[in-house]
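S.K.: Sharing a sequence plus its predicted fold:
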Amino acid sequence: MVESSARSGETLWFRCSRCGEIIYRKTLESNFYICNRCGYHFRITPEDYIRIILDDGTWEEIDADILALDPLKFPKYQEKLKEARAKTGHADAFAYGRGRTGGVPVVFGVMDFNFIGGSMGPVVGEKVARSVRLARNERRPLIIVATSGGARMQEGILSLMQMAKTSAELALLRRDGVPFISVPVDPCTAGVMASFASLGDVIISEPGALLGFAGQRVIEDTIGQKLPEGFQRAEFMLKHGLIDIVTPRRRLKETIVNILSVLWHGERL
Amino acid sequence: MPGVSPGWLDFEQPLAELFERLEEVNALGVTTEIKKLQQQIEELKIKLYANLTPWQRVQLARHPRRPYTLDYIERMVTNFVELHGDRAFADDPAIVAGLGKIDEIPFAIIGHQKGKDTKEKLTRNFGMPHPEGYRKALRIMELAARNNVPILCLIDTPGAYPGIGAEERGQAEAIARNLREMALLTVPVIAVVTGEGGSGGALAIAVGDRVLMQENAVYSVISPEGCAAILWRDGSRAEEAAKVLKLTAPDLLNLGVIDEIVPEPLGGAHHDWDEAARLLKKAVMANYHVLNTLPGEELVSRRIEKFSAIGVFQQGEEK
């Protein structure tokens, strides 16, 4: 009956992983996958974010057919990729394309945490880089919803280099004055948070999202003590000046559209 | 058993014993015996270090006797002036930054700095920077770029520090910003991994026009211990993990991630700091003279293209 965060097609009931409330699927769907009792934001799929942020029928995916190789011949990586593709129906952990939000043409990208923890290998890095280039070439604001455990270990150093690649492309977008709105959501850490997800001109997250550099267990092992409640949550990030806004999911689109309505007029009038 | 000699790795113990004997014989001044021992040492070095496993390279990269940034600066750089602080929070001793000259040519030099004894290790936080270290590094790099001074970065860190203060002050943001801003530096940037290239904490000062690695340095997305813990839930299988991660200099050259391997003295940089520094300086200056012919904007676009080209994938039907 119960799934805590990820959804599958036929599940009718969900259990809130924070307060334990059992919620009927339709109720949850109509409430942006937010627990109606405690406000917990369930983790949702890329398709959900496309529906929530983009105007209906405007999403047009690009480069959906880029596939990972196994350059290191890493133990069990091929199997892991096959499983992840079967589980998610996606080729890898990032999709991008053109779309509109509030009528404004944008480039939109979104990560899939269910695909090997949303990890960034050369495929994700290449597609993020291409999305940035597309935004720059077509002068469309860039919006990326990021959720990831970091660089993809199975492609080793090549994954690490994607941090430099995506960030370098963003340097050019920024220089050309095209806005980038980064939306890191639960969870977004390590190599992705330490590269493009932290480089938004505006950074927006959702209540309770875990955001940061190091994993919580790593920190606890290093400092030899338990972390305080709320550490690395979106509200903590807001308090420490590291992100701009924490908004409930139901107001995410409105927030983005508002920001773009001020920042973005295409070419200067 | 004379006991394990401190400061030497397990597989180096036979060598350490020869060095000890050499010291004894030296004191006695028996010339023939000295010569014999010296020859034995050279032969053993060749045998020990000729076919290093990836794990042995990891150990050499972390060798307690390995020279660190300030040791290289002492040997390569004249007129060195160290600069401090990020102008916002603190000075981070895990990163050294400053100005000096190499072969009379002005350089900004930035590098991770580990400690030698316990006290210095703690001060330097084992070479693991906080955000203010990366911000200091960027401040000095941008200063260099504004004054048309080339930049040398020496990379040797287990990684960026995972701690409470580091998170509160934006470790992720500090690294990300460096990656973005280093791409735009209009002066030559030469990055050399001299020891441990520990993931994002290493990359944050390694976005170079040329990225070099010393022969026994390693560079990896995750430590072998961390990788083993994830793969097999057993951090002690680091030796196997070191193999699968492809983290040695020859591996990275094959993968197209680095441009050149900088040779070390026989047995590794720790056997002869002066020679290690001489070889490093030679490689750095050869690269500098090539890069110096390019205008700033050309450096920027080539640097971005270089990093954008890294990674393999296929587009189209699944095989």
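M.R.: Looks like it arrived, so ask away. Numbers count the residues shown, from 1 in each chain, chains lettered A, B, ... in the order given.
S.K.: partners of residue A:14 in the sheet?
M.R.: residue A:23 (DSSP bridges).
S.K.: how close does it get to residue A:209?
M.R.: For residue A:14, the distance to residue A:209 (C-beta to C-beta, to the nearest Å) stands at 18 Å. C-beta: built from backbone N, CA, C; applies to glycine.
S.K.: Residue B:262 too?
M.R.: Note on residue B:262: its distance to residue A:209, by C-beta to C-beta, is 43 Å.
S.K.: likewise residue A:255?
M.R.: Distance from residue A:255 to residue A:209, by C-beta to C-beta: 14 Å.
S.K.: what's the answer for residue B:224, then?
M.R.: Distance from residue B:224 to residue A:209, by C-beta to C-beta: 31 Å.
S.K.: And for residue A:167?
M.R.: According to C-beta to C-beta, residue A:167 stands 21 Å off from residue A:209.
S.K.: for residue B:19, same thing?
M.R.: From residue B:19 to residue A:209 the distance is 55 Å (C-beta to C-beta).
S.K.: So between these two, which is more surrounded?
M.R.: residue A:209 (22 against 14; other C-beta atoms under 10 Å in any protein chain shown).
S.K.: Tell me where chain A has helices.
M.R.: For chain A, the helices defined by DSSP state H cover A:25-30, A:46-53, A:77-88, A:122-137, A:156-175, A:190-193, A:216-223, A:234-239, A:252-263.
S.K.: Put the alpha carbons of the shortest one into CSV.
M.R.: Output of helix A:190-193 as CSV, limited to C-alpha atoms (Å, rounded to 0.1, in the frame of the first residue of the first chain):
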residue,chain,number,x,y,z
ALA,A,190,27.9,17.4,-3.1
GLY,A,191,29.0,17.8,-6.7
VAL,A,192,25.8,19.2,-8.0
MET,A,193,25.3,21.6,-5.2
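S.K.: elements contacting that helix?
M.R.: strand A:142-148, helix A:156-175, helix B:171-182, helix B:199-203 (3 or more C-beta pairs under 8 Å, 6 or more residues apart in numbering or on different chains; DSSP states H and E).
S.K.: next SSE after the last one?
M.R.: Using DSSP states H and E, the helix or strand that follows helix B:199-203 in sequence is strand B:210-214.
S.K.: what sits against the residue of the stretch 1-150 of chain A at minimum distance from chain B?
M.R.: As assessed by C-beta to the nearest C-beta, chain B sits closest to residue A:122 within the stretch 1-150 of chain A, at 2.9 Å. Going by C-beta atoms under 8 Å, 6 or more residues apart in numbering or on different chains, residue A:122 touches A:68, A:69, A:71, A:155, A:158, A:159, A:162, B:310, B:311, B:312, B:313.
S.K.: Same question for residue A:90.
M.R.: A:46, A:84, A:112, A:115.
S.K.: any chance you could read off phi and psi for the closest residue to the second one other than its chain neighbours?
M.R.: Leaving aside its chain neighbours, residue A:84 sits nearest to residue A:115 (4.7 Å; criterion: C-beta to C-beta, 6 or more residues apart in numbering or on different chains). Phi and psi for residue A:115, reported as degrees, to the nearest 10, are phi -100, psi 100.
S.K.: give me the number of residues near the nearest residue to residue B:125 once chain neighbours are set aside?
M.R.: Spatial nearest neighbour of residue B:125, excluding adjacent residues (C-beta to C-beta, 6+ apart): residue B:94 at 4.7 Å. Neighbours of residue B:94 under the rule other C-beta under 10 Å: 24.
S.K.: ok, residue B:94 touching residue B:122?
M.R.: No. In this structure residue B:94 lies outside contact range of residue B:122 using C-beta atoms under 8 Å: 10.8 Å.
S.K.: in chain A, which ranges drop under the pLDDT threshold?
M.R.: Along chain A, the parts satisfying pLDDT under 70 run over A:1-10, A:266-269.
S.K.: Provide a list of residues in contact with the most centrally placed residue in it.
M.R.: Computing the C-alpha centroid of chain A and ranking residues by C-alpha atoms, centre = their mean puts residue A:146 first, at 1.8 Å. Residue A:146 is in contact with A:111, A:118, A:182, A:183, A:184, A:185, A:188, A:192, A:193, A:196, A:197, counting by C-beta under 8 Å, 6+ apart.
S.K.: Low-confidence bits of the stretch 1-150 of chain B, can you list those?
M.R.: Counting by pLDDT under 70, the stretch 1-150 of chain B contains low-confidence ranges at B:1-4.
S.K.: mind running it again at 50?
M.R.: B:1-2 (pLDDT under 50).
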